[in-house]
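Novice: Here's my sequence, what's the structure:
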Amino acid sequence: MAPADQRLDVWLTRPEEDAAAMAAAVEALGYRALVEPLLQIVAKPAAPLELAGVQALALSSRHALPALPPAARGLPVFAVGQATAAAARAAGCQQVLPAAGDAQALAALIIARCRPAAGAILHLAGQDVRPGLAEALAEAGFALRRVTVYEAVAAQALSPALIARWRARKIAAVLLFSPRTARILVDLLQAHGLHSSVDTARAICLSESVAASCRTLAWRALEIAARPDREAMLALLGTANESNDDRLP
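Specialist: Here you go, the predicted structure:
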């Protein structure tokens, strides 16, 4: 492993708590974890949740969990992936079923395990919701109640430290987990005049929809994880690090 001052950076763009959880894994692969979120999670005040007629909860992010009242923790919880499922269990939810990492997989799991006649699905969500869940559930005859409990606020600028690392071509890879984050990244790189120097950086994306949001830039490589989860992205990052010496001129 290279000395700490010689390691290349991997930019973790997720909200700070999510990024912090990945930093140790990134550093174990021989990189320097550079945590600079492009989204900040802000809770939104909401009226008490109406649970009458609800058969189960859908969680597309663990950021919705602070809004979950104790009375709801005995309901079945369908989580978008393993990380959200683990957070739901830690929050006291008793029946947690994880999906395979995206909205389509979450919908498929709910359809397989629930019946439309048994009641509504309550989706605790952020302000910006990716398509897939509501459409699939509606087609299968389910009633979906969506309550917005948080907002992900976009960063307006990059820090001077990150800009300096980027200009020095010290950032080997950027991890991108959502189409919105990828769009924010592209906008900020263009705003700071950094968009023409992405040719030494890899964009490692959770899914094709994430990759599509940053294809306008000429990355050294634009790579998509084999599965839409954190472990698959780290595996892809580890593969990239096997040829560490040839990534930069």
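Novice: what are the ranges of the strands in this protein?
Specialist: Along the chain, counting by DSSP state E, strands occupy 9-12, 32-35, 39-43, 54-59, 76-79, 95-98, 120-126, 144-154, 171-176, 202-205, 221-224.
Novice: Show me what the fifth one is packed up against.
Specialist: Under the contact criterion of 3 or more CB pairs under 8 Å, 6 or more residues apart in numbering; DSSP states H and E, the helices and strands touching strand 76-79 comprise strand 54-59, helix 82-90, strand 95-98, helix 103-113. Quick note: C-beta positions are derived from backbone N, CA and C, even for glycine.
Novice: what about that strand, average pLDDT?
Specialist: In this model, strand 76-79 carries a mean pLDDT of 98.
Novice: tell me, how many neighbours does Val42 end up with?
Specialist: By other CB atoms under 10 Å, 12 other residues sit near Val42.
Novice: roughly how far apart are it and Asp128?
Specialist: 12 Å (CB to CB, to the nearest Å).
Novice: try Ala138
Specialist: 19 Å.
Novice: Not counting its neighbours along the chain, what's nearest the residue most central in space within the chain?
Specialist: For the chain, the residue sitting closest to the mean C-alpha position, by CA atoms, centre = their mean, is Phe177 at 3.9 Å. In space, Phe177 comes closest to Leu206 once its chain neighbours are excluded; the distance is 4.8 Å by CB to CB, 6 or more residues apart in numbering.
Novice: Is it correct that that neighbour is in contact with Pro228?
Specialist: Yes: here Leu206 lies in contact with Pro228, judged by CB atoms under 8 Å, at a distance of 5.2 Å.
Novice: Find residues that contact each of these two.
Specialist: Common contacts of Leu206 and Pro228, defined by CB atoms under 8 Å, 6 or more residues apart in numbering, comprise Gly101.
Novice: which residues does the residue nearest to the centre of the chain contact?
Specialist: Going by CB under 8 Å, 6+ apart, the list of residues near Phe177 reads 13-14, 18, 206, 210, 233.
Novice: Can you say which two of those are spatially most distant?
Specialist: Asp18 and Val210 (14.8 Å; CB to CB).
Novice: Give me the more crowded residue out of the two.
Specialist: Neighbours per residue, other CB under 10 Å: of Asp18 and Val210, the larger number sits with Val210, 24 against 20.
Novice: can you list the domains in this protein?
Specialist: Domain ranges of the chain: 13-41+152-168+175-205, 51-151, per automatic domain parsing.
Novice: got any ranges where the chain has weak pLDDT?
Specialist: 1-5, 240-249 (pLDDT under 70).
Novice: again, only using 80
Specialist: 1-6, 46-47, 240-249 (pLDDT under 80).
Novice: quick one: the residue in it sticking out farthest from the centre from His195, how far?
Specialist: In the chain, the residue that sits farthest from the middle, by CA atoms, centre = their mean, is Ala117; the gap is 32.1 Å. Ala117 is 52 Å from His195, where distance means CB to CB.
Novice: again with Ala19
Specialist: Ala19 is 22 Å from His195, by CB to CB.
Novice: Thanks a lot, catch you later.
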